[in-house]
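*Asks:* Need a 3D model of the sequence below.
(2 chains)
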Amino acid sequence: MILSDHLLTLITLLPTLGALILLAIPGHSPAAIQLSRTVSLAVTLVTAGLSLWLWAQFDATNPGFQFVENYAWIGESIGWRMGVDGISILFIPLTAVLMPAVIIASVNSVHSRVKEYLVVFLVLETFMLGAFATLDLAVFYVFFEGTLIPMFLIIGIWGGARRIQATYKFFFYSFTGTVLMLIAIMAMFWQAGTLDIQKLLQFRFAPEVQTWLWIGFFASFAVKMPMWPFHRWLPEAHVEAPTGGSVILAAILLKLGGYGFIRFSLAMFPLASAQFSTFMFVLSVAAIVLTSLIALVQTDMKKLIAYSSVAHMGFVTMGIFSGTVQGVHGAIFQMISHGIVSAALFFTVGVVYDRLHTREISAYGGLVERMPRYAFAFMVFTMANVGLPGTSGFVGEFLTMFGVFQVNTWVAFFAAFGVIFSAAYGLWLYRRVVFGALTKESLKGILDLDRREALVLMPMVVLTILFGFYPAPILDATAASVNVVAQTFATAIGAAPAVVGSAQ
Amino acid sequence: MSSSDVLSFSALAPAYPELLLAGGAVLVLLIALFVKGLGHRAVAALAILLLVGALGVLLLVPADGVLFNGVFVVDAFARFMKVLVLGGAAASLLIALPAAHEHGIDKFEYSVLVLLSTLGMVVMVSANDLMSLYVGLELQSLALYVIAAMKRDDPRATEAGLKYFVLGALSSGMLLYGASLVYGFTGTTQLDQIVKAVVLDTRSIGLVFGMVFLLAGIAFKISAVPFHMWTPDVYEGAPTPVTAFLAAAPKVAAMALMIRVTTVSFGSITRDWQQIIIFLSIASMVLAAFAAIGQQNLKRLLAYSSIGHVGFALVGLSSGTTLGVEGVAIYMAIYVAMTVGIFAAVIGLRTTDGKPVETIDGLSGLGQQRPFTAAIIGVLMFSLIGLPPLAGFFAKWQVFLAAVEQNLFVLAVIGVLASAVSAFYYLRIIKVMYFDEPVAEFRAVPGELVAVMGVVGFFVVSYFATLGGPLAAAAKTAAESLF
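*Replies:* Next comes the predicted model:
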């Protein structure tokens, strides 16, 4: 059947098709804008439906790639290859399901150049889905780097007062890191003779080659993730981006870095990953502890959440480079959970920002009196961000620490401080914004969540709690592939001394 | 080669496009002189028709071979590059039409000179002898000197023409000197014979001297650093349609010459010229990336941009392999398209009081007022940076792939970092168009230019899906015909 044979291609390209339809809608009249919103919502909903269908069809017991498509494309090197395994499958529904929420939320927050906003977001969706779904390294690069164009425009056009500096910083950090990865990709092509990720995963790169390739990929993913000390662009980008931009940035784009670390750095360069694991642990722990402390002193809500994202991504890198089953498993879970929770937190900030047009924590206080439903949703997401058992945030943090504990106890010990600090900044933020007496004049007339906002936030509340109590849907889908990755990693390091020994 | 190869007209088949252009240019000149009341637009239309005709002959009746006692060669590579030259020339004549009057090029001589210059370029591309090389080069240069200064009463244009002439003459002198040394040390002027006289271990230092002068002369024409000094001044001073022509067509021809001389004549001493090309490449990429940051004038910025792109194209040639040449061929094709598109926009943009937009800040708020033009410029800027999935990325992909194959990692890393720096000034144009508030009103862009921009925009955006495959295949055939 054509549909199921080309499901990934269809899911990837559908949003761009929607963007083309939007471009064909003439004018900027209210009716045209309304039509654009409807069309883009419909397109993203269909994409989301297809992605859920993909997840349902996915065979969790098969560790290999599924829904594979493979066609020759440009020249002899680049091919249109698609396929998902347990590592990548979940990111596709995560991306596709968040997009309708972004489109719905934009009704309240975006009022200028609406059609362009929607077009750019739809194109961005194609790039993100493509990056997760492709099995060709060059095409991965195309999609991965392609996200810079829409994101640069989103921050630059619809962002806040200091948007230009923020978007430049975002662009240059990402671009500089990524072009170094490009050289590594080309070197891999000449080493292995192919850009097919399936074949590259089987290929064993020589140890010294691995080191250089690993550094090339690290330059790109460490910025994307972002890891301390390459995170400087993130708080600014988050603060200046419009709500939808922040949501996508935190929920999906950061995950491209984590996905890349697992798919390429860990799986293709195991020796180099083992060699650099201490380095990665140090950076991860530094991210967890330092950025948590930085988050504590922030006065801007978005900036606080941005720093907490860096800290949470520290758990992800720590888990990945432990190389253990639990570590990698937890890293993926943490990414999915953070994708939901951070997106939800940025939406909640967006809700009050649309009303008061400030993100200063001190401008709020006592919101619970006027906004009980909002306070409830905010509480669930704060708890999940803190990592309270019973929310999705707990499972990932626990698994990554469990994983790294087997490898290095001290890393787990220091990472635990991050959990404590996150409780401190998370709960303190919540207290300052939601609790206390409602004394400020500007807040007296503030309204609770309207229907549209509730429609966006409540499903996320459900998912956060559901995955906290019943993480099986996520863990099951990833288990088989994670086992393979961790096993290959273990064999590779186990075999390495033997290789060195035989060379002597 | 015996002289019997020109006995019949059909034996001349490989040179049909050149013959058509030569005869046609003279005919157009006569028609323009003797037919009364024929406007410059009609002459330009005839010239475009002639260029398209030559293009058609080239594509529809392709014929390879060596003619005229071996001084003229047509192979797949020559045909590929000629398509670019003819296409670029035709497109730049077309985009010159709507603004011919105010740029002082509304004279029939303009079109005729463009035809003659283009003839020189196609001869360059097919040159298989140091003499035919020089004749072609001078024909294109002399015609260009005149059209650069065609707006006689504009001091900037005449200054540009003079600068171009003086420095161009200097470079021709260097090229001739190099050619004479090469002839002296090898005993032949024929490019494919020179290689037989050059052996890596016994090559004389005099021959290397000759090669260096030869390459320096050509480097002037492609404006590679450190032979780029004329470019910003001439680009800025010359009337914009002339600048468009300068940026699109002659560079391709000179690049073709560079490739043919290095790979065919000096194919046996790759190591010697490789380091020169690597130096030219790195110097061009780095200097252009940093020098362009401070520019305010749009045309000056594009001049530095073109210097940078020559540097990137040379990355491919540095590898000295078929794949590298293939990369340069693809790069030049995409470069020509992007250049034509961006100049169509620059020519077409003017404020409501009729002033052309010359500075970057003058583009403020274009995104809101002229969404189509701004979108095309924006797409071209992202493509010039080399961001996927636009055409500019695939151009860079191929040349860097070739460099990495030869383990030229330092060159590759410097190259990609230079492209990161160059992103700064390309993004500034997008920033001004989309993030800043409008300061002036813009007039509607003439229809011809909108059409050209639309075609280029479509090409750049859809390259990966439409032309990418066929173009790569054609470039591969072209590159293989040289080795």
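*Asks:* Angles on the backbone of the one residue in the stretch 201-350 of chain A that gets nearest to chain B, please.
*Replies:* Taking CB to the nearest CB as the measure, the stretch 201-350 of chain A has A:Trp212 as its residue closest to chain B, at 8.5 Å. Where C-beta positions appear, they are placed from N, C-alpha and C, glycine not excepted. Backbone geometry at A:Trp212, expressed as degrees, to the nearest 10, gives phi -70, psi -40.
*Asks:* go on, A:Leu271?
*Replies:* Dihedral angles for A:Leu271 - degrees, to the nearest 10 - are phi -60, psi -40.
*Asks:* my guess is it contacts A:Ala206, does it?
*Replies:* No: the criterion here is CB atoms under 8 Å, and A:Leu271 misses it with A:Ala206 at 9.1 Å.
*Asks:* Around chain B, pick out the residues from chain A.
*Replies:* With CB under 8 Å from any CB of the partner chain as the criterion, chain A meets chain B at residues A:73-75, A:77, A:113, A:138, A:141-143, A:145-146, A:148-149, A:152-153, A:156-157, A:163-164, A:168, A:171-172, A:175-176, A:179-180, A:182-183, A:186-187, A:189-190.
*Asks:* With adjacent residues omitted, what lies nearest to the closest residue to chain A within the stretch 101-250 of chain B?
*Replies:* Closest approach between the stretch 101-250 of chain B and chain A, counting by CB to the nearest CB: B:Val225, at 20.9 Å. In this structure, B:Val225 finds its nearest non-sequential neighbour in B:Ala283, 3.9 Å apart by CB to CB, 6 or more residues apart in numbering or on different chains.
*Asks:* Likewise for A:Pro207?
*Replies:* A:Leu271 (5.0 Å).
*Asks:* Just the pLDDT for the one you found.
*Replies:* For A:Leu271, the model assigns a pLDDT of 92.
*Asks:* which residues touch it?
*Replies:* Counting by CB atoms under 8 Å, 6 or more residues apart in numbering or on different chains, A:Leu271 touches A:207, A:210-211, A:492-493, A:496.
*Asks:* Look up the pLDDT of residue 218 for me, please.
*Replies:* Here I'm looking at chain A. We have a pLDDT of 94 for A:Phe218.
*Asks:* if you could check chain B rather than the one you did, that'd help
*Replies:* pLDDT, B:Ile218: 94.
*Asks:* May I have the phi/psi pair for it?
*Replies:* Here B:Ile218 shows phi and psi, under degrees, to the nearest 10, equal to phi -70, psi -40.
*Asks:* give me the number of residues near the closest residue to it other than its chain neighbours?
*Replies:* Take B:Ile218 and drop its neighbours on the chain: the residue closest to it by CB to CB, 6+ apart is B:Met258, 4.9 Å away. Close neighbours of B:Met258, defined as other CB atoms under 10 Å in any protein chain shown, add up to 25.
*Asks:* confidence score at B:Met258?
*Replies:* For B:Met258, the pLDDT comes out at 95.
*Asks:* Surely it and B:Ala313 touch.
*Replies:* No: at 9.5 Å, B:Met258 and B:Ala313 do not qualify as touching, with contact defined as CB under 8 Å.
*Asks:* residues in contact with A:Met188?
*Replies:* Residues near A:Met188 by CB under 8 Å, 6+ apart: A:137, A:195, A:200, A:205, A:213, A:268.
*Asks:* just A:Glu116 next, same as before
*Replies:* Under the criterion of CB under 8 Å, 6+ apart, the neighbours of A:Glu116 are A:Ile157.
*Asks:* Show the pLDDT at it.
*Replies:* pLDDT, read off for A:Glu116, is 90.
*Asks:* quick one: what helix or strand has it in it?
*Replies:* helix A:114-133 (DSSP states H and E).
*Asks:* What of A:Val97?
*Replies:* For A:Val97, the host element (DSSP H and E) is helix A:91-109.
*Asks:* Okay, buried residues for that helix please.
*Replies:* A:91-109 (16 or more other CB atoms under 10 Å in any protein chain shown).
*Asks:* got it, and stretch A:19-30?
*Replies:* Quick answer for stretch A:19-30 (16+ other CB under 10 Å): A:19, A:21-22, A:25.
*Asks:* now swap in stretch A:346-363 and tell me
*Replies:* A:346-353, A:359, A:361, A:363.
*Asks:* One more: stretch B:147-163?
*Replies:* Quick answer for stretch B:147-163 (16+ other CB under 10 Å): B:147-151, B:154, B:157-161, B:163.
*Asks:* Now do it: everything it contacts.
*Replies:* Here stretch B:147-163 makes contact (CB under 8 Å, 6+ apart) with B:103-105, B:107, B:109-110, B:113-114, B:117, B:145-146, B:164, B:230, B:233-234, B:236-239, B:242, B:245-246.
*Asks:* How far does it sit from its chain's centre?
*Replies:* Centre-to-centre, stretch B:147-163 and its host chain are 21 Å apart (CA atoms, centre = their mean, to the nearest Å).
*Asks:* Would you mind extracting the C-alpha trace of that stretch into PDB?
*Replies:* The C-alpha trace of stretch B:147-163 is given here as PDB (Å, rounded to 0.1, in the frame of the first residue of the first chain):
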ATOM      1  CA  ILE B 147      30.800  48.900 -21.400                       C
ATOM      2  CA  ALA B 148      32.100  49.400 -17.800                       C
ATOM      3  CA  ALA B 149      32.600  53.100 -18.800                       C
ATOM      4  CA  MET B 150      29.700  53.400 -21.100                       C
ATOM      5  CA  LYS B 151      27.900  55.900 -18.900                       C
ATOM      6  CA  ARG B 152      30.400  58.500 -20.100                       C
ATOM      7  CA  ASP B 153      29.300  61.500 -18.100                       C
ATOM      8  CA  ASP B 154      29.300  59.700 -14.800                       C
ATOM      9  CA  PRO B 155      32.600  60.100 -13.100                       C
ATOM     10  CA  ARG B 156      32.200  56.900 -11.100                       C
ATOM     11  CA  ALA B 157      31.500  54.800 -14.200                       C
ATOM     12  CA  THR B 158      34.500  56.200 -16.100                       C
ATOM     13  CA  GLU B 159      36.700  55.700 -13.100                       C
ATOM     14  CA  ALA B 160      35.500  52.100 -12.900                       C
ATOM     15  CA  GLY B 161      36.200  51.600 -16.600                       C
ATOM     16  CA  LEU B 162      39.700  53.100 -16.300                       C
ATOM     17  CA  LYS B 163      40.600  51.100 -13.200                       C
END
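*Asks:* Can you name the residue of the stretch 51-200 of chain B nearest to chain A?
*Replies:* Here the stretch 51-200 of chain B gets closest to chain A at one residue, B:Phe80, 15.3 Å apart by CB to the nearest CB.
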